[in-house]
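Q: Sequence plus the predicted model coming up.
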Amino acid sequence: MDWIHDFLTQANGILWGWPMIILLLGTHLFLTIRLKLPQRYIFQAIKLSMKKDVSSSGDVSQLGALATALAATIGTGNIVGVATAVALGGPGAVLWCWLTGVLGIATKYSEALLAVKYRVKDEKTGRTFGGPMLVLERGLHLKWLGIIFAVLTTVTSLGIGCSVQSNSISLLMNETFDIPFVTTGIVLAILAATVLIGGVKVIAKVCTFFVPFMAFFYIVGCLYILCINHEFLGEALILIGKCAFTPTAATGGFIGGGIMIAMRYGIARGLFSNESGLGSAPIVAATAKTRNPVRQALVSASGTFWDTVVICALTGLVIVSSVIAYPDISIDDGATLTKLCFDKIPYVGSPLLAFGILTFAFSTILGWSYYGKSAMWYLFGKKGTTIYLIVYVVCLFIGSIVSLNLIWDIADTMNALMAIPNLISLLFLSGVIVSETRKFLWSNRLDEKEE
């Protein structure tokens, strides 16, 4: 097993290194320029996400599709991932993470647009399905590449989307409340199965209620901590800006670092926390009730805004201001850095972080279950989805009671490989994206139905 771990570690070092960062960030920049800065429509997108488009084809509301995507995207990476970026890349990583989120809005918009445009309806069930696998098949006529994407999505969902998340929850419940791992595993399996049996409509309804609730409390908690640290907030902002663009010496409890180090870790965490370009969120975007692809594309793009531009930025500010305020906080271990910062806040710090990890991880379980289910439908039809859901619940329980180092490695590899076929479709079909955008958005025809 050691050689497998070593091999995957080396593979992930390549897949999640500079080549992937350049490819993803380059796609962000290319689409941002070609679509004439679609980020300027973000507030219009947020407004659209609150409206129902009931007269259109699809299975769930626009908000339901967004909430399900956010459920899968907003996870422990928003908490631990940002801390790791700060620990390894310094305070400047926070700004690069934020800038990556801003640019990622263009990519999330593009992949959702294509998913809706090339979606299909199952004649037997009447359900709508879509995602990069169908974009590759129907848009680029590369079905073999769509199959590869579906296989990678299925494996990733059982790892990062399921086992890893249940493991995080069971560890949290055991360390915080001394609840046995088996007990947590059983409860999680029952809760998840109850929701998953209902399909995408039930998942979307649960996420529509659950996601705003958990995000609201986490954001309020972060704002409370920033109020406590208000004397150090200005210094934190200056330090973040300074470290993002200039080499710095060790200061304020942080290690010294260069611009490239801050860029590398900030961009990497930003890219992989919002999942823009990885091809996961478009799968649920394709199920939305929307009059035309551009409407849902705008709604989906707002997810990156909430995930990275808001939540990751707040987490980064909390960490940097706390390290400045409390010099005894060690930044040697990024995995525990967020916990150390929140522990400094009397009464509410630890419970707030525990609540955030618990809800973020469980919401990820729900969101990724639909991604994997859709991939199995594409590969094997309805029978495949039934088998998949059984396996998913079993993996959920197993993940709660075993060590998952190898699962982490495999899931990281599959997740990185998912991005490659999706980015191929975005780049080669960018002309279609521009055409649809010109037709509905630039011409102020968002309320018109696609012919």
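A: Received the coordinates, thanks. Predicted, not measured: the structure shown is a model, and the values here were computed from it. Numbers count the residues shown, from 1 in each chain.
Q: How about I179: what's its closest non-neighbour residue?
A: In space, I179 comes closest to M173 once its chain neighbours are excluded; the distance is 4.3 Å by CB to CB, 6 or more residues apart in numbering. All C-beta spots, glycine's among them, are computed from the backbone N, C-alpha and C.
Q: List the buried residues of the biggest helix by length in the chain.
A: Ordering each helix of the chain by length in residues (DSSP state H) puts helix 349-380 first. Of the residues in helix 349-380, those buried by neighbour count under the rule 16 or more other CB atoms under 10 Å are 349, 352-379.
Q: And the strands in the stretch 151-300 of the chain?
A: Applying DSSP state E, counting those that start in this stretch to the stretch 151-300 of the chain gives no strands.
Q: list the contacts for the residue most central in space within the chain?
A: Most central in the chain under CA atoms, centre = their mean is T73, positioned 2.5 Å from the mean C-alpha point. Contacts for T73 (CB atoms under 8 Å, 6 or more residues apart in numbering) come out as 273-275, 280-281, 303, 307, 364, 367.
Q: And for S273?
A: So S273 contacts 73, 77-78, 81-82, 97, 101, 307-308, 312 (CB under 8 Å, 6+ apart).
Q: quick one: low-confidence ranges for this protein?
A: 1-2, 53-59, 75-77, 247-259, 272, 332-335, 404-409, 411-412, 451 (pLDDT under 70).
Q: ok so, going back, specify which member of the contacts of T73 is nearest to Q44.
A: Proximity to Q44 was ranked across the contacts of T73 by CB to CB; first place goes to G303, at 14.7 Å.
Q: Closest one of the contacts of S273 to V393?
A: The closest of the contacts of S273, once distances to V393 are taken by CB to CB, is T73, at 21.8 Å.
Q: Pull up the gap between the closest one and L429, please.
A: 23 Å (CB to CB, to the nearest Å).
Q: before we move on, the earlier item: give me the distance between the longest helix of the chain and the centre of its chain.
A: 10 Å (CA atoms, centre = their mean, to the nearest Å).
Q: what does stretch 112-125 give?
A: 22 Å.
Q: Check stretch 136-144 too.
A: 25 Å.
Q: Show me which residues of it are buried.
A: Buried-residue list, stretch 136-144, by 16+ other CB under 10 Å: 136-140, 142.
Q: Now secondary structure too, for those residues, in a markdown table please.
A: Below are the buried residues of stretch 136-144 laid out as a markdown table (DSSP: H, G, I helix; E, B strand; the rest coil):
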| residue | secondary structure |
| --- | --- |
| L136 | helix |
| E137 | helix |
| R138 | helix |
| G139 | helix |
| L140 | coil |
| L142 | coil |
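Q: Which member of the residues you listed is positioned nearest N229?
A: So of the buried residues of stretch 136-144, ranked by how close each gets to N229 (CB to CB), first place is L136, at 47.1 Å.
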